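Visitor: Just to be clear, the model below is a prediction. Sequence and coordinates:
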Amino acid sequence: NKARLVARGYRQEEGIDFEESFAPVARIKAIRIFLAFAAQMNMVVYQMDVKTAFLNGNLREEVYVSQPDGFVDADNPNHVYKLKKALYGLKKAPRAWYDMLSSFLLSQDFSKGLQISLNPRGIFINQSKYALESLKKFGFESCDPVDTPMVEKSKLDEDREGTAV
């Protein structure tokens, strides 16, 4: 167990100490759907937890905290600390961590999100943004779209010599 400096988040006021709060939490329904889909597709799912996540986020603006009780500098009791990184309890910590993780994943060619739409015929999930980005990445953004991107009515049960496969 390590001792850590923790911000008193309950004393922070929106509009004064921070402009926005952030808590990326998935609903249990979404998790169940994801796990059902992963099971159907025979995928391996890993769960992870970054115990020091909030200590690694970079802050977008300058944040100052008062000296913690018991650690007040006797020579400078009115001085404050300027934070270099996010701190446990700080309202900005979750957003700072999310921004850092998101930037890293995007730099590794991961793509953000699925597009999910609901209409009377059902729920539709697609990655059209990802598909368009992939076309652009490989120089195919000017290609004409087609409904069936392959030869129609092609026999897929024989090779080129007519042998059954």
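Guide: Right, received. Where do you want to start?
Visitor: Need the three-state assignment for residue 129.
Guide: Taken by DSSP: H, G, I helix; E, B strand; the rest coil, the conformation at residue 129 corresponds to helix.
Visitor: Please apply the same query to residue 116.
Guide: Per three-state DSSP, the local secondary structure of residue 116 is strand.
Visitor: count of residues packed around it?
Guide: Taking other CB atoms under 10 Å as the criterion, the count of residues near residue 116 is 10. Every C-beta, even on glycine, is put in place using the N, C-alpha and C of the backbone.
Visitor: bridging residues for it?
Guide: Residue 116 has these beta-bridge partners by DSSP bridges: residue 125.
Visitor: for the protein, what's the longest helix?
Guide: What stands out as the longest helix in the chain, according to DSSP state H, is helix 93-107.
Visitor: Okay, buried residues for that one please.
Guide: Neighbour-count burial for helix 93-107, with 16 or more other CB atoms under 10 Å as criterion, is recorded at 93-97, 99-100.
Visitor: Just the CA trace of that helix, in CSV.
Guide: Output of helix 93-107 as CSV, limited to C-alpha atoms (Å, rounded to 0.1, in the frame of the first residue of the first chain):
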residue,chain,number,x,y,z
ALA,A,93,-9.0,13.3,-13.5
PRO,A,94,-11.4,10.9,-15.5
ARG,A,95,-11.4,13.3,-18.5
ALA,A,96,-7.6,13.7,-18.5
TRP,A,97,-7.2,9.9,-18.4
TYR,A,98,-9.8,9.3,-21.2
ASP,A,99,-8.2,12.0,-23.4
MET,A,100,-4.7,10.4,-23.0
LEU,A,101,-6.0,6.8,-23.6
SER,A,102,-8.1,7.9,-26.5
SER,A,103,-5.2,9.8,-28.2
PHE,A,104,-2.9,6.8,-27.8
LEU,A,105,-5.5,4.3,-29.2
LEU,A,106,-6.2,6.6,-32.2
SER,A,107,-2.4,6.9,-32.8
